[in-house]
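Q: 3D model of this:
(2 chains)
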Amino acid sequence: MTKKLSLTPYLFLTPALLIIAVFVLYPILAVFYYSFTEYDIVTAPRWVGLANYQHLLQDPTFWLALRHSLIYLIVTPTLIILSILLAIAVNRNLPGIQVFRALYYLPAVSGSIAVGITWRWLFDTQGGLLNGMLIWLGVLKEPVQWLSEPAFTLPIAMLLTIWMGVGYYMVIFLAGLQNIPEELYDAAMIDGCNDWQKHWYVSLPGLRPQITFVAVISSLAALKVFDEIYVLTLRSGGILDSGVTMVFMLWKEAFRLSHAGYASAIALVLLAITLVFSVMNIRLQERDAGA
Amino acid sequence: MEHVQTARIPAVRVHRKTKRRNFGEKLFWYVVLILVSIGTVFPFLWIFLTAFKGPLDAVYSTPPQFIPHDPTLDNFVRVWQQLPIGNFFLNTILVAVCTTGLSVLITALAAYPFAKMKFQGRNALFYMLLATLIVPVQLTYIPSFVLAVRFFHYYNSIVALILPNIASVFNIFLLRQAFSSVPDDLIDAARMDGANELRIWWSILLPVIRPSLAAVAIFTFVTSWNDFLWPSLMLPTMANKTLPVGLAALQGMFSSDFRGTAAGVTMTVIPIMIFFILLQKQFIQGLTGAVKG
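A: Predicted coordinates:
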């Protein structure tokens, strides 16, 4: 019996492991090698040692991209707070609640390109709804060039990420809330908690696994943001590179400028950051859980 | 009898009071829920309405005009004539269906031993897989691009969109949770009866975890439908593009034609929205079982 079982688990795992080996593990090794080469994807890579990394340290665009990617992480706490509030709002038995849940999820299923194009028009100087509304309400006198103003590029993209993500994370927190035993809330009521205290003392601790999960997932997503920037800046990265993030720079260097070796060095720095960040994130959550 | 009746009166009063309180509370929540839904729906509504605007309707005015006075389907016709939208749809559906089917199959196979079998290196392997979740997928695109051109020879074909996406570690993780919640007795009984593991997996476990399978399938389908960067690298020919890649091309071609762009967005977004609304109950229920932390 044990002997018969011994090969079986590996057989079940083989297809998945094969795909992961080819499309995740091999690429990590290959990118590591490419990062020490000059490579344009067409001709064979040429060994250049640490030249790409030296170049990286002196490239102002890289430091800008790094800064932008770190700034982008603000979306994570914002998303956690908003989606928990939203989950609490939809976690009740009201007629039609399913409809609201679906409506909140719509931005998440509609796709970043379609949504990004919609937002580009929302913020458009000439045809944009935002300028139209603000002028009509008397807030603005002249249309604002939202998307040509470097200071607005990143905030608008982050707002878009939040708008698209909040419904998805809401569903995760909703699932978490529904797993919290009703008795805990009853006990809190008996102890004299009001509605908000009840959520503070029961819901939040109960949602701890989901908060860790969402913190990790959404910060990883924030570090690799691309589609929003691509669509909002019409693939330019924004005026004065105001929207260039790590992944945008990676894409531009690898697939527009044919600097695949240089892009590989960027990719490895990105990997290092995500690694550090995820470990920090999990440690932080564990420490909070212990306290 | 009298006693009972007098006792009833205060009870009714309390009931009325809570009823009134409930009504106020309900009203409050409906107001909140409606306000939030305006925030999530309004941009779409605006785009959908713009897609039907005729040449006489203003796309930009103060105050903004929302309802088309001169509704027309011309914008859709114009987009349809200049871009192979039909191809985009077929390609996207084909990719999403194949990716979903294969991914559910392969990840459900992999999730079972992690949940219910003891074997050498189980935890090490599982944590290694979890660690790959940290790897930014765009990091893999440079080598995957080279593989696609040199090794698999599927550059400019939709197979390139399916193969790399059928072993999602995320799905393995979710399905492992689902398998774990199935009682061991069920499996042990089947093993006693001499059923082999593949048979147990297929005819006993998969039906039990069907809600989680549905959630994973819906999620994979939507993700595949909306995937952009990798497809945009793999599909240079217009006729081979998927909807998001085609839509990005449309954004460039119709950059000054807001009505046409709106029609393109509308055509892309409506089907996936309907798909999700029809299946959202399964999605949320499945996720409730799967994400237990």
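
Q: residues contacting residue 101?
A: All of this is about chain A. Taking CB atoms under 8 Å, 6 or more residues apart in numbering or on different chains, we find A:R101 in contact with A:V90, A:M170, A:V171, A:L174, B:Q280, B:I284. Using the backbone N, CA and C atoms, a C-beta is placed for each residue, glycine as well.

Q: which SSE is it in?
A: Here A:R101, judged by DSSP states H and E, is contained in helix A:97-109.

Q: and chain B, is stretch A:47-64 touching that?
A: No - Stretch A:47-64 stays clear of chain B (CB under 8 Å from any CB of the partner chain), getting no nearer than 12.7 Å.

Q: kindly report the same for stretch A:66-74.
A: No - for a cut-off given as CB under 8 Å from any CB, stretch A:66-74 has no contacts with chain B; the smallest distance is 10.5 Å.

Q: coming back round to it: closest one to B:P136 out of the contacts of A:R101, please.
A: In terms of CB to CB, no member of the contacts of A:R101 lies closer to B:P136 than A:V171, at 23.7 Å.

Q: was I right to think the closest one contacts A:V109?
A: No - the criterion here is CB atoms under 8 Å, and A:V171 misses it with A:V109 at 11.0 Å.

Q: okay, now the closest residue to A:L82 other than its chain neighbours: neighbour count?
A: In this structure, A:L82 finds its nearest non-sequential neighbour in A:V166, 5.2 Å apart by CB to CB, 6 or more residues apart in numbering or on different chains. When neighbours are counted by other CB atoms under 10 Å in any protein chain shown, A:V166 registers 26.

Q: then A:S258?
A: So A:S258, with other CB under 10 Å, has 15 neighbours.

Q: and for A:T37?
A: A:T37 is flanked by 19 other residues according to other CB under 10 Å.

Q: cool, and A:A87?
A: When neighbours are defined as other CB under 10 Å, A:A87 has 25 of them.

Q: report the contact partners of residue 267.
A: As the question left the chain open, I've gone with chain A. Residues in contact with A:A267 (CB under 8 Å, 6+ apart) are A:V31, A:S35, A:L250, B:P136, B:Q138, B:L139, B:I142.

Q: that was the other one, I meant chain B.
A: When contacts are counted by CB under 8 Å, 6+ apart, B:M267 touches B:F76, B:V79, B:I85.

Q: quick check on it: phi, psi?
A: For B:M267, the backbone dihedrals (degrees, to the nearest 10) come out as phi -60, psi -30.

Q: how near is it to B:F76?
A: From B:M267 across to B:F76, the span is 7 Å (CB to CB, to the nearest Å).

Q: returning to that earlier point: how far does the helix holding A:R101 sit from the chain's center?
A: Computed by CA atoms, centre = their mean, to the nearest Å, the separation of helix A:97-109 from the middle of its chain amounts to 19 Å.

Q: what does stretch A:194-204 give?
A: Distance of stretch A:194-204 from the chain centroid (CA atoms, centre = their mean) equals 28 Å.

Q: just stretch B:197-204 next, same as before
A: Relative to the chain's own centre, stretch B:197-204 is displaced by 28 Å; criterion: CA atoms, centre = their mean.

Q: in that stretch, what's buried?
A: Using 16 or more other CB atoms under 10 Å in any protein chain shown as the test for burial, stretch B:197-204 gives B:E197, B:I200, B:W201.

Q: how about B:W46: what's its closest non-neighbour residue?
A: Nearest one to B:W46, counting by CB to CB, 6+ apart, is A:L129 at 5.7 Å.

Q: helix or strand: which one has A:P155?
A: helix A:150-178.

Q: can you give me the buried ones in that helix?
A: A:152-154, A:156-177.

Q: from the contact counts, what lies against it?
A: When contacts are defined as 3 or more CB pairs under 8 Å, 6 or more residues apart in numbering or on different chains; DSSP states H and E, helix A:150-178 sits against helix A:60-72, helix A:75-90, helix A:97-109, helix A:112-122, helix A:208-223, helix A:227-232, helix B:2-51, helix B:258-290.

Q: give me the residue at the spatial middle of chain A.
A: Nearest to the mean C-alpha position of chain A, by CA atoms, centre = their mean, lies A:A221 at 2.3 Å.

Q: wait, it sits on A:G165?
A: Yes - using CB under 8 Å, A:A221 makes contact with A:G165 at a distance of 7.4 Å.

Q: domains of chain B?
A: With domains defined by automatic domain parsing, chain B comprises B:1-72, B:74-290.

Q: pick the most deeply packed of those.
A: domain B:74-290 (a mean of 19; mean count of other CB atoms under 10 Å in any protein chain shown).

Q: now do the SS call for B:Q65.
A: Recorded secondary structure, B:Q65: coil (DSSP: H, G, I helix; E, B strand; the rest coil).

Q: got the phi and psi for it?
A: When read as degrees, to the nearest 10, the backbone of B:Q65 gives phi -100, psi 130.

Q: cool, and the one 4 residues further on?
A: B:H69 adopts backbone torsions of phi -80, psi -20, taken as degrees, to the nearest 10.

Q: verify the contact between it and B:A58 for me.
A: No - counting by CB under 8 Å, B:H69 stays clear of B:A58, with 9.4 Å between them.

Q: and the residue nearest in space to the middle of chain B, how far from B:L250?
A: Compute the mean C-alpha point of chain B, and by CA atoms, centre = their mean the closest residue is B:V222, 3.2 Å away. For B:V222, the distance to B:L250 equals 21 Å [CB to CB].

Q: please apply the same query to B:V41.
A: Separation of B:V41 from B:L250 (CB to CB) stands at 23 Å.

Q: next one: A:Q126
A: Distance, A:Q126 to B:L250, using CB to CB: 19 Å.

Q: what does B:K241 give?
A: B:K241 is 10 Å from B:L250, by CB to CB.

Q: then B:W80?
A: B:W80 sits at a distance of 11 Å from B:L250 (criterion: CB to CB).

Q: list the residues that contact the residue lying closest to A:A215 once chain neighbours are set aside.
A: Among residues not flanking A:A215 along the chain, A:N281 sits closest, at 5.5 Å (CB to CB, 6+ apart). Taking CB under 8 Å, 6+ apart, we find A:N281 in contact with A:T212, A:A215, A:V216, A:S219.

Q: in a helix, A:N281, correct?
A: Yes - A:N281 forms part of a helix when assessed by three-state DSSP.

Q: tell me the spacing between it and A:S219.
A: 6 Å.

Q: next: A:G49.
A: Applying CB to CB, the value for A:G49 to A:S219 is 33 Å.

Q: out of those two, which sits in the busier spot?
A: For A:G49 versus A:S219, neighbours defined as other CB under 10 Å are more numerous around A:S219 (22 against 9).

Q: report the buried residues of stretch A:79-89.
A: Quick answer for stretch A:79-89 (16+ other CB under 10 Å): A:L79, A:I80, A:L82, A:S83, A:I84, A:L86, A:A87, A:I88, A:A89.

Q: out of those, the closest to chain B would be?
A: Using CB to the nearest CB, A:A89 comes nearest to chain B of the buried residues of stretch A:79-89, at 5.8 Å.

Q: wait, that closest one sits on B:V31?
A: No - checked against CB under 8 Å, the pair A:A89 and B:V31 is beyond contact range at 10.9 Å.

Q: gap between the residue of the stretch 101-250 of chain A found nearest chain B and A:A175?
A: Closest contact between the stretch 101-250 of chain A and chain B, by CB to the nearest CB, is at A:P209 (2.3 Å). A:P209 is 11 Å from A:A175, where distance means CB to CB.

Q: same question, B:F275
A: For B:F275, the distance to A:A175 - CB to CB - is 20 Å.

Q: tell me the secondary structure for B:Q120?
A: Per three-state DSSP, B:Q120 ends up coil.

Q: so who does the residue lying closest to A:W251 once chain neighbours are set aside touch?
A: Nearest residue to A:W251 in three dimensions, chain neighbours excluded: A:F226, at 6.5 Å (CB to CB, 6+ apart). By CB under 8 Å, 6+ apart, the contact set of A:F226 is A:T245, A:V247, A:F248, A:W251, B:Q138, B:L229.

Q: which one of those sits closest to A:L17?
A: For the contacts of A:F226, the nearest to A:L17 is B:Q138 (22.3 Å; CB to CB).
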